[in-house]
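**Q** sequence plus predicted model, see below.
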Amino acid sequence: MPAELSCFEERCRARFPITEVIYNCPRCGGLLEAVYPPLEEKPETLRDLWRRRRMSNLPLDQSGVWRYREMIAFLDTFDHVVTLREGNTPLLPAPRAAAYGGLDHLVFKHQGFNPTGSFKDNGMTCGAAQAVRLGVRRVACVSTGNTSASMAAYASAAGLQPIIFIPHGNISYGKLAQALEYGAKTLQVEANFDQILALVRVLAERLGIYLLNSINPFRIEGQKTIMVELMDQRDWNSPDWIVLPGGNLGNTSAFGKALREMHALGLIAKMPRLAVIQAEGAAPFYNLLQRRDRTHLRAVHHPETLATAIKIGDPVSWPKALHEVVSSGGAVEKVSEQEIADAKAVIGLCGIGCEPASAATLAGIRKLTAAGVIPTGADVVAVLTGNVLKDPDYIYRYHTGALEAPGGHRLASHFGNNPIVVPNDPDQITRLLEAVN
Ligand code: F0G
């Protein structure tokens, strides 16, 4: 029995060949996921194999995604895989952030160490491999910036033509610059992310372009390996909580699927809880969890946040994410612009740094510990999704007291660090430095 695509809807579960170019179930419209025959290897065998591959010089083994290829067995050959050595991201203990978040200990898994600076690379190596396998020439995505940066790199590396649709004026220059540098045809559309996703789906169908948004089930498979690598790094000991930001909710879906699969295989003994954090102005998933009737997600029509990566009002993967959060006994929290900005500066003060959306994790942890949802002594891993250099404009404004929330409200720079202009004069500089000592 080969790998297949399966409808995620409980009442449907229709199966389709793994090579069918579909993004939703043709029968019921549900989300799709890749499913595999059960693995025959014992957990110890897999753990040993994966650990040994860390010593290997083979590109496939050096990838923090393909090293775990038994967990993502959708290809029939690895000949067309393009790897930029994605994954391999560190676990970084951060005592100062832990204290700020109300925890005894906190560890960040920093996906910003990826080749294009975000967790999207974990998924994109898989999406690009599937595109090559299908023999397509052009690939497309709508993006708040990181998906497009990643897709541009992987598509170009694979010899495909990347076509990118981004909300005009609403992505950071760091991310836009990457798309241009990696050679993507870049279209800035005067609409928001949710509107452009609908547009791109029409265009993909009409022009026969392969879609590499997180609705693409193979991207989700790659993002699963973030959790597999995490457990490998922790010698297969599950934390109590895994905290991540939520936008389109692809990552939440991927993490939940990975954890369930690892648990079923006997690789981990305990299922961690998932905590998803959204920005207050773009929190449709948080709103959904507040309601008793969770059969429909009510979109936020004008999402607003300076954390542009998660400025999404109508997340496509919500049915999967809902399942994963509820079945893990998890939580969803929302945080304000001020809370995100301050948490981000605290992560910076740990010598770690991240982009705004990633900092929603620490802001959320602070609220969840204060509410007693996460106990102080809990073993918590927060996933930092993007690199600090993705959005330098935000950083400069925060530290110079010029950061304005949507609507024009000036944010306080509680951890501000204003650069000082000095004359070329050793005496004056000496006086200044002695005064701040
Ligand atoms: N953090 C960062 C840095 C992101 O770029 C994104 C999503 C998220 C968190 C949210 O992840 O969508 O899986 O819930 N960025 C997408 C993009 C939407 O187009 O780059 P999610």
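**A** Cool, the structure landed.
**Q** wait, what's in contact with the nearest residue to residue 282 once chain neighbours are set aside?
**A** Excluding its sequence neighbours, the residue lying closest to residue 282 (Cβ to Cβ, 6 or more residues apart in numbering) is residue 303, at 3.7 Å. Placement of C-beta: from N, CA and C, glycine included. Residue 303 is in contact with 192-194, 281-282, 311-313, counting by Cβ atoms under 8 Å, 6 or more residues apart in numbering.
**Q** any idea which of those residues is closest to residue 61?
**A** residue 312 (34.9 Å; Cβ to Cβ).
**Q** okay, the closest one and residue 318: tell me how far apart.
**A** From residue 312 across to residue 318, the span is 10 Å (Cβ to Cβ, to the nearest Å).
**Q** is the worst-scoring helix or strand of the chain on mean pLDDT anywhere near the ligand?
**A** Lowest mean confidence among the helices and strands of the chain (mean pLDDT, DSSP states H and E): helix 193-207, at a mean of 93. No: taking Cβ under 6 Å from any ligand atom as the criterion, helix 193-207 and the ligand are apart, separated by no less than 6.8 Å.
**Q** list the buried ones in that helix?
**A** 193-197, 200-201, 203-204 (16 or more other Cβ atoms under 10 Å).
**Q** next one: phi and psi at residue 138?
**A** phi -120, psi 140 (degrees, to the nearest 10).
**Q** that one: what's it in contact with?
**A** With Cβ under 8 Å, 6+ apart, residue 138 has these contacts: 160-163, 207-210.
**Q** before we move on, the earlier item: who has more neighbours out of residue 312 and residue 318?
**A** residue 312 (26 against 22; other Cβ atoms under 10 Å).
**Q** my guess is the more buried one meets residue 245, correct?
**A** No: in this structure, residue 312 is not within contact of residue 245 by Cβ atoms under 8 Å, at 10.7 Å.
**Q** name the nearest residue to residue 155, sequence neighbours excluded.
**A** Nearest to residue 155 is residue 162, by Cβ to Cβ, 6+ apart, at 3.7 Å.
**Q** repeat for residue 338
**A** residue 411 (5.4 Å).
**Q** any idea how far residue 304 is from the one you found?
**A** Taking Cβ to Cβ, one finds residue 411 at 14 Å from residue 304.
**Q** do the same with residue 378
**A** Residue 378 is 31 Å from residue 304, by Cβ to Cβ.
**Q** the more surrounded of the two?
**A** Counted by other Cβ under 10 Å, residue 378 and residue 304 do not tie: residue 378 has more neighbours, with 19 against 16.
**Q** and that one, helix, strand or coil?
**A** Secondary structure of residue 378, reduced to three states by DSSP: H, G, I helix; E, B strand; the rest coil: coil.
**Q** pLDDT score for it?
**A** With respect to pLDDT, residue 378 scores 98.
**Q** strands of the stretch 301-437 of the chain, residue ranges please.
**A** Secondary structure of the stretch 301-437 of the chain (DSSP state E, counting those that start in this stretch): strands located at 331-335, 380-384.
**Q** sheet partners, orientation included, of the last one?
**A** In this case it means strand 380-384. strand 107-110 (parallel), strand 241-245 (parallel) (DSSP bridges).
**Q** mind saving the C-alpha coords of that strand as PDB?
**A** The C-alpha trace of strand 380-384 is given here as PDB (Å, rounded to 0.1, in the frame of the first residue of the first chain):
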ATOM      1  CA  VAL A 380       7.900  24.400  28.100                       C
ATOM      2  CA  VAL A 381       9.400  24.700  24.600                       C
ATOM      3  CA  ALA A 382       8.400  27.800  22.600                       C
ATOM      4  CA  VAL A 383       9.000  27.800  18.800                       C
ATOM      5  CA  LEU A 384      10.600  31.000  17.400                       C
END
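**Q** list the buried residues in that strand.
**A** Buried, per 16+ other Cβ under 10 Å, within strand 380-384: 380-384.
**Q** from these, which is closest to residue 257?
**A** Using Cβ to Cβ, the buried residues of strand 380-384 come closest to residue 257 at residue 383, 15.1 Å.
**Q** and that closest one, what pLDDT?
**A** Looking at residue 383, the pLDDT reads 99.
**Q** who does it bridge with?
**A** Beta-bridge partners of residue 383, as defined by DSSP bridges: residue 109.
**Q** do you know how far it is from residue 163?
**A** Taking Cβ to Cβ as the measure, residue 383 and residue 163 are separated by 29 Å.
**Q** for residue 104, list the residues it contacts.
**A** With Cβ under 8 Å, 6+ apart, residue 104 has these contacts: 98, 376-377.
**Q** would you agree it falls within a helix?
**A** No: read with three-state DSSP, residue 104 is coil and lies in no helix.
**Q** spell out which residues of the stretch 251-400 of the chain are next to the ligand.
**A** 251-252, 309-310, 355, 357-358, 385-386.
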